[in-house]
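**Q** This is a predicted model, with the sequence first.
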Amino acid sequence: MSMEIAVALILSLATLLGWVRLGLWHRSAMTSGQASIGRTGALALLQPLCAGLLYLALFPPVAGGEAASLRIATAGTSRMIGAQAGAPLILLPEAPAIGGGEAVPDLATALRRHPGVTQIHVLGHGLEPRDMDVAKGLAVRFDPPPMRPGIVDIAPPAEVAPGARFIMGGTLNGLPDATIELLDPAGRVTDSGAADKDGHFQLAGTARAAGAVGFTVRVRSGRRIVEQADVPVWIVENARPRLLILAGAPGPEVKYLRRWASDAGYDVTTQMSAGGGIALGDAPVALDAGSLRRFDVAVVDERSWPGARGAMLAAVRDGMGLVLRAGGAIDGATRSQWQALGFGLSGPGGIAPLALPKVPEQAIARTRHGIGSVDAPVDMALPEELAPDISRVGLVPGGSDAVPLLQDAGGTSLAAWRAIGAGRVALFTAIDSYGLTLTGRGDLYGDWWSDMLGTVARPAPASRMTTDTVWVGDRMAPCGLTGDARVETPDGTQARVLPVAGCGAFWAATPGWHRLRTQGETRPFYVQPRDALPVMRAARDRQAMAMLRSDVPSVAAATMPAAAWPIWATWLAWLAASALLWWLERSRLGRRAPLPDQSAM
């Protein structure tokens, strides 16, 4: 029931009671001869007239052809807005307490109380997801306030294997000189950096044991902590990716690559030729479709490529990844074979110098590669004449379909990849990259090979973790539900999610890790506390508001509906009618003199 209807019912009831009282008085006055038909009729007419004028003063009619509007206060609305004239002010639950506003549980309730509203003026940071569907049918005016400095976006990693390196990203607003740090569950800084000119940043960490853990991203401006928030990481013990290394001869490049790949979580199989039909390494692998289907990615040097070419290309078309590397200058036949894969190779050939980036001045405790490995300071004790010369083939991989993958400090492309069938092939032109590990640049070595193998390897099964940021009190709408779906909360209790057309609805009441269980499948998701990441929450609401209708005819029409006549005239008419009614009830105008008592004669 709306406010208008409630007031109308109360005034009608008061008028009816007034008529009943007037009728009883008139009947009793008839016996004494004081009753007057004119006086009683005037009183009976003045009572509904006063009630009607009071109703029109409280709820003035809107001029024909103009739509009514409401002001909707949300989070971040100024308290001074209550003192300003305008359309009726509606206070949603997240809005501050503002005098003169009407508190409602949601926008739908406000619209039921104020029928006929077609325009709303949203104040503050914007509507919550709870009210977005209702607002889609209205014309919306929204003037967002300036964004506060802080974190406006966080992208946590998807499922991570134990010991694997992961990357999380985010965006800052208004903090150009801030330092962003990633802390592991023990509170240690694992990575640190600064945002670029657009506010974007990336930080790296290393997963430990399987399970649900929480890293922390912290933003500092000098010594002051501006903001920090939880970064959920779901570590799952999945099957290790399988790597095949084929080399035409034993060498340190294969040795260090195998060591790094094993530490990085790969199941490595190595096969090297020692000449004369002798093979070294693991058990020989038959180069056929059945054997290669077991591998996710292969690394093949230029010596092994001619003999493995046909089987490898068939496996790549079936989805396997392939990295072709050079152990030295390549001949014309190898160059032609690489070009036949769709790559363009430009340059004079031979061997060319490789420009390495400068060494960081200060080593920080962070995990950039490998299982539990921590970057060590640069080792300068190695004699310079023993340090391997890291160079590259004098050919730059490219092509119209090739995607650059790695570059040296001078901007020269070291690796590029392209798709062949269901798989990907990459060319890597650096020579003796293992020398990075001997000169204290194991971080760069790990980055190179992690990027290459991670880019071309056969894709892992899709992540089951929901990485969308959810806050306490938000409505989640998981889809793909079949059968009995339940959500397990952090305290172990379970809430049933009733699927409707394959989707359901769930409102989280507590922060922390939740698990959606349906038919043997578990989908973990993390719920942020209600007061966490306030700038990101405001940015989300602002972006959603921008997608609503904004076809408001004018600012004047969107602020206050015009009344059909001046409201002050209605109040004066009500005051005059009420004064006349009060005077007529207390005056003796129209009353007859009482009849004489016949018994006394």
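**A** Okay, I see it.
**Q** going forward, measure contacts and count neighbours with C-alpha atoms only.
**A** Will do.
**Q** Bridged to the nearest residue to Ala485 once chain neighbours are set aside, which residues?
**A** Nearest in space to Ala485, with sequence neighbours left out and distances taken as CA to CA, 6 or more residues apart in numbering, is Thr518 at 4.6 Å. Beta-bridge partners recorded for Thr518 (DSSP bridges): Ala485, Glu521.
**Q** Likewise for Asp267?
**A** Beta bridges link Asp267 to Arg242 when assigned by DSSP bridges.
**Q** just for the stretch 151-300 of the chain, where's the confidence low?
**A** 238-239, 276-277 (pLDDT under 70).
**Q** quick one on the thing from earlier: which residues does the residue nearest to Ala485 contact?
**A** Leu481, Thr482, Gly483, Asp484, Ala485, Arg486 (CA atoms under 8 Å, 6 or more residues apart in numbering).
**Q** any idea how far it lies from Pro145?
**A** Between Thr518 and Pro145 the computed distance is 42 Å (CA to CA, to the nearest Å).
**Q** Check Ala546 too.
**A** 13 Å.
**Q** Could you do Ile330 as well?
**A** From Ile330 across to Pro145, the span is 61 Å (CA to CA).
**Q** and those two? which has more neighbours close in?
**A** Ranked by neighbour count (other CA atoms under 10 Å), Ile330 and Pro145 place Ile330 first, with 18 against 14.
**Q** and Gly38, how many neighbours does it have?
**A** Neighbours around Gly38, by other CA under 10 Å: 11.
**Q** what pLDDT does it get?
**A** Note for Gly38: predicted pLDDT of 76.
**Q** just checking, Pro149 touches Thr171?
**A** No - contact criterion CA atoms under 8 Å: Pro149 and Thr171 do not qualify, at 10.8 Å.
**Q** Do a quick rundown of the helices in the stretch 351-500 of the chain.
**A** 435-438, 442-456 (DSSP state H, counting those that start in this stretch).
**Q** Run through the neighbouring helices and strands of the last one.
**A** In this structure, helix 442-456 packs against strand 321-325, strand 403-407, strand 423-428, helix 435-438, with contacts taken as 3 or more CA pairs under 8 Å, 6 or more residues apart in numbering; DSSP states H and E.
**Q** And the average pLDDT for it is what?
**A** Across helix 442-456, pLDDT averages out at 89.
**Q** cool, and the shortest one?
**A** Predicted confidence along helix 435-438 averages 86 (mean pLDDT).
**Q** okay, Ala110: pLDDT?
**A** Here the pLDDT value assigned to Ala110 is 90.
**Q** does it sit in a helix, a strand or a coil?
**A** Secondary structure, DSSP: H, G, I helix; E, B strand; the rest coil: Ala110 is helix.
**Q** Hmm, it is touching Gly101, no?
**A** No - applying CA under 8 Å, one finds Ala110 not in contact with Gly101, separated by 11.6 Å.
**Q** intersection of neighbour lists for those two?
**A** Joint contacts of Ala110 and Gly101 (CA under 8 Å, 6+ apart) are Ile90.
**Q** which one of the two has more residues nearby?
**A** The residue with more neighbours, out of Ala110 and Gly101, is Ala110; 21 against 17, by other CA under 10 Å.
**Q** and the closest residue to the more buried one other than its chain neighbours, what does it touch?
**A** The shortest distance from Ala110 to any non-neighbouring residue, by CA to CA, 6+ apart, is to Val104 (6.3 Å). Listed by CA under 8 Å, 6+ apart, the contact partners of Val104 are Ile90, Leu91, Leu92, Pro93, Ala110.
**Q** what's the neighbour count on Pro529?
**A** By the criterion of other CA under 10 Å, Pro529 has 18 neighbours.
**Q** Quick one: closest of the helices and strands packed on helix 442-456 to Tyr445.
**A** Among these, helix 435-438 comes nearest to Tyr445, with 5.8 Å by CA to CA.
**Q** Output the contacting helices and strands for the closest one.
**A** If you count contacts as 3+ CA pairs under 8 Å, 6+ apart, helix 435-438 packs onto helix 442-456.
**Q** What residues sit buried inside the helix it packs on?
**A** Residues of helix 442-456 classed as buried by neighbour count (16 or more other CA atoms under 10 Å): Gly442, Asp443, Leu444, Tyr445, Gly446, Trp448, Trp449, Ser450, Met452, Leu453, Thr455, Val456.
**Q** Distance from it to the middle of the chain?
**A** 28 Å (CA atoms, centre = their mean, to the nearest Å).
**Q** which residues make contact with it from outside it?
**A** Residues contacting helix 442-456 (CA under 8 Å, 6+ apart): 260, 297, 320-323, 368-370, 375, 405-406, 417, 423-426, 433-434, 436-437.
**Q** Now do the contacts for the nearest residue to Gln407 once chain neighbours are set aside.
**A** Once flanking residues are discounted, Gln407 sits nearest to Ser413: 4.4 Å by CA to CA, 6+ apart. For Ser413, the contacting residues are Val396, Pro397, Pro404, Leu405, Leu406, Gln407, by CA under 8 Å, 6+ apart.
**Q** And Ser413, how close does it get to Leu498?
**A** Distance, Ser413 to Leu498, by CA to CA: 53 Å.
**Q** And for His200?
**A** Distance of His200 to Leu498, computed by CA to CA: 39 Å.
**Q** Same check on Gly193?
**A** 44 Å.
**Q** one step back: and the buried ones among the contacts of Ser413, selectable in ChimeraX?
**A** The ChimeraX command for the buried members of the contacts of Ser413 (criterion: 16+ other CA under 10 Å) is given here:
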select :396,397,404,405,406,407
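**Q** Kindly reformat the contacts of Ser413 as JSON lines containing pLDDT and distance to Arg188.
**A** JSON lines is the format used below for the contacts of Ser413 (pLDDT from 0 to 100; distance: CA to CA, whole Å):
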{"residue": "Val396", "pLDDT": "90", "distance to Arg188": "41"}
{"residue": "Pro397", "pLDDT": "92", "distance to Arg188": "40"}
{"residue": "Pro404", "pLDDT": "92", "distance to Arg188": "34"}
{"residue": "Leu405", "pLDDT": "91", "distance to Arg188": "31"}
{"residue": "Leu406", "pLDDT": "91", "distance to Arg188": "30"}
{"residue": "Gln407", "pLDDT": "89", "distance to Arg188": "31"}
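**Q** quick one on the thing from earlier: among the contacts of Thr518, find me the one that's closest to Leu341.
**A** Leu481 (43.6 Å).
**Q** how many other residues sit next to the residue nearest to the closest one when sequence neighbours are not counted?
**A** Leaving out its chain neighbours, the residue that sits closest to Leu481 by CA to CA, 6+ apart is Gly502, at 5.0 Å. For Gly502, the neighbour count with other CA under 10 Å is 12.
**Q** so how far is Gly483 from Gly502?
**A** Gly502 sits 9 Å away from Gly483, taking CA to CA as the criterion.
**Q** Now render the helices of the stretch 351-500 of the chain as TSV, adding distance to Glu4.
**A** Output for the helices of the stretch 351-500 of the chain, formatted as TSV (distance: least, CA to CA, whole Å):
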stretch	distance to Glu4
helix 435-438	79
helix 442-456	65
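**Q** Out of these, flag the one nearest Ala68.
**A** helix 442-456 (56.7 Å).
**Q** and the angle for the closest one with strand 321-325?
**A** Relative orientation of helix 442-456 and strand 321-325, computed by axes from the mean of the first three to the mean of the last three CA atoms, to 10 degrees: 130 degrees.
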